[in-house]
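Trainee: Give me the fold of what follows.
(one chain, ligands or ions: 1)
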Amino acid sequence: MKEVIIALDFASMEQTLNFLEKFKGKKLFVKVGMELYLQNGPQILARIKALGHKIFLDLKLHDIPNTVYGACKGLAQFKVDLLTVHAAGGSQMLAMAKQGMLDGNSPETKIIAITQLTSTSQEQMQTEQGINLTLEQSVQKYALLAKQSGLDGVVCSVHEAKTIHDLCGDEFLAVTPGIRRQEDAIGDQQRVATPALARELGANYIVVGRPITQSQDPVQAYQEFCHNFN
Ligand SMILES: O=C(O)c1cc(=O)[nH]c(=O)n1[C@@H]1O[C@H](COP(=O)(O)O)[C@@H](O)[C@H]1O
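Mentor: I've put the predicted structure just below:
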């Protein structure tokens with residue numbers, strides 16, 4: 001299944017609902033990240049769900065295992081489709097995230113791990129995080145850790161998607177942000193790719209924010225991303 005996920009990086013519920021209205025009832029897969037969730041709370045999830053959209057809840061949880069377990073157990077009630085945690089939290093934290101979701105009775109929520117953010121370059125990773133690997137190796141290491149800890153996939157850039165499937169299997173999800181068409185501004189992203197390259201390298205989902213949300217015609221931009229990815 002290949003789908004375009006729209007990142008709803010808005011501050012308010014009103015802005016979000018106005019944006020979604022433009023799609024005239026089409027069922028979408030949308031991402032609620034920290035900007036929207038932290039200012040509007042869980043009610044934003046209920047509102048979006050009531051419209052029939054699938055939800056990727058991107059909270060990038062990263063804490064001690066017991067705390068992440070409790071957060072996931074609590075978040076299970078919202079029955080989101082995807083949830084993010086940071087692979088850097090370690091194998092025990094990753095396993096406890098999954099366990100929390102199961103104990104909260106939402107086995108259908110897939111948990112995926114952030115490997116290296118698409119805004120991180122290899123040089124920055126090596127100098128600031130002190131990781132003495134290539135970026136590709138670091139992403140692979142985190143992907144294997146996530147897989148061994150029972151997670152459903154990872155967030156990575158398109159450039160790492162193929163090796164992740166080779167290493168972890170085709171069922172293991174590669175969810176890829178940092179998607180830009182030739183004409184789009186790159187902004188704060190580092191490891192970017194076009195939707196066509198994402199298709200070619202086997203990404204399961206592409207996550208697209210500003211090129212759609214800031215577009216003059218978001219519906220048309222969304223359709224263009226879908227067309228080029230599918
Ligand atoms: O977890 C994410 O979704 C994520 C991980 C990552 O490595 N890079 C990344 O850009 N994202 C998210 O993907 C979206 C990308 O937005 P744009 O750069 O506007 O397309 C944002 O909502 C980011 O929070």
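
Trainee: Now stretch 107-118: buried residues?
Mentor: Neighbour counts using 16 or more other C-beta atoms under 10 Å place 109, 110, 111, 112, 113, 114, 115, 116, 117, 118 of stretch 107-118 among the buried residues. Any C-beta I mention is one placed from the backbone N, CA and C, and that applies to glycine too.

Trainee: End to end on it, go ahead and measure it.
Mentor: 28 Å (C-alpha to C-alpha, to the nearest Å).

Trainee: Stretch 114-123 now?
Mentor: Distance between the boundary residues of stretch 114-123 (C-alpha to C-alpha) amounts to 18 Å.

Trainee: go on, stretch 174-183?
Mentor: Length of stretch 174-183, first residue to last, C-alpha to C-alpha: 25 Å.

Trainee: cool, stretch 50-64 as well?
Mentor: End-to-end span of stretch 50-64 (C-alpha to C-alpha): 33 Å.

Trainee: pLDDT averaged over it - what is it?
Mentor: In this model, stretch 50-64 has a mean pLDDT of 98.

Trainee: again with stretch 155-172
Mentor: 98.

Trainee: And stretch 196-203, by the same measure?
Mentor: Taken as a whole, stretch 196-203 carries a mean pLDDT of 98.

Trainee: Quick one: distance of that stretch to the chain centre.
Mentor: Centre-to-centre, stretch 196-203 and its host chain are 16 Å apart (C-alpha atoms, centre = their mean, to the nearest Å).

Trainee: With stretch 170-190 instead?
Mentor: Chain-centre distance of stretch 170-190: 10 Å, with C-alpha atoms, centre = their mean.

Trainee: cool, stretch 13-24 as well?
Mentor: 21 Å.

Trainee: Can you report how many residues lie near residue 90?
Mentor: Residues lying near residue 90 (other C-beta atoms under 10 Å) number 15.

Trainee: for the protein, longest strand please?
Mentor: Ranked by number of residues, the top strand in the chain under DSSP state E is strand 54-61.

Trainee: any residues touching that one, and which ones?
Mentor: The contact list for strand 54-61, computed with C-beta atoms under 8 Å, 6 or more residues apart in numbering, reads 5, 7, 27-34, 37, 45, 48-49, 68, 71-72, 75, 78, 80-86, 89, 97, 114, 175, 205, 207.

Trainee: Buried members of those residues into ChimeraX, please.
Mentor: Filtering the contacts of strand 54-61 down to the buried ones (16+ other C-beta under 10 Å) takes a single ChimeraX command:
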select :5,7,28,29,30,31,32,33,37,45,48,68,71,72,75,78,80,81,82,83,84,85,86,89,97,114,175,205,207
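
Trainee: so of the contacts of strand 54-61, which ones are in helices?
Mentor: 34, 37, 45, 48, 49, 68, 71, 72, 75, 97 (DSSP state H).

Trainee: Identify, from those residues, the entry nearest to the ligand.
Mentor: residue 34 (7.7 Å; C-beta to the nearest ligand atom).

Trainee: Once you drop chain neighbours, what's closest to the closest one?
Mentor: Of all residues not flanking residue 34 in the chain, residue 59 sits nearest, at 6.3 Å (C-beta to C-beta, 6 or more residues apart in numbering).

Trainee: How about residue 72?
Mentor: Here the residue nearest residue 72, using C-beta to C-beta, 6+ apart, is residue 100, at 3.1 Å.

Trainee: How many neighbouring residues does the one you found have?
Mentor: Using other C-beta under 10 Å, residue 100 has 24 other residues around it.

Trainee: That one touches residue 73, doesn't it?
Mentor: Yes: using C-beta atoms under 8 Å, residue 100 is in contact with residue 73, at 4.0 Å.

Trainee: No further queries at this time; thank you.
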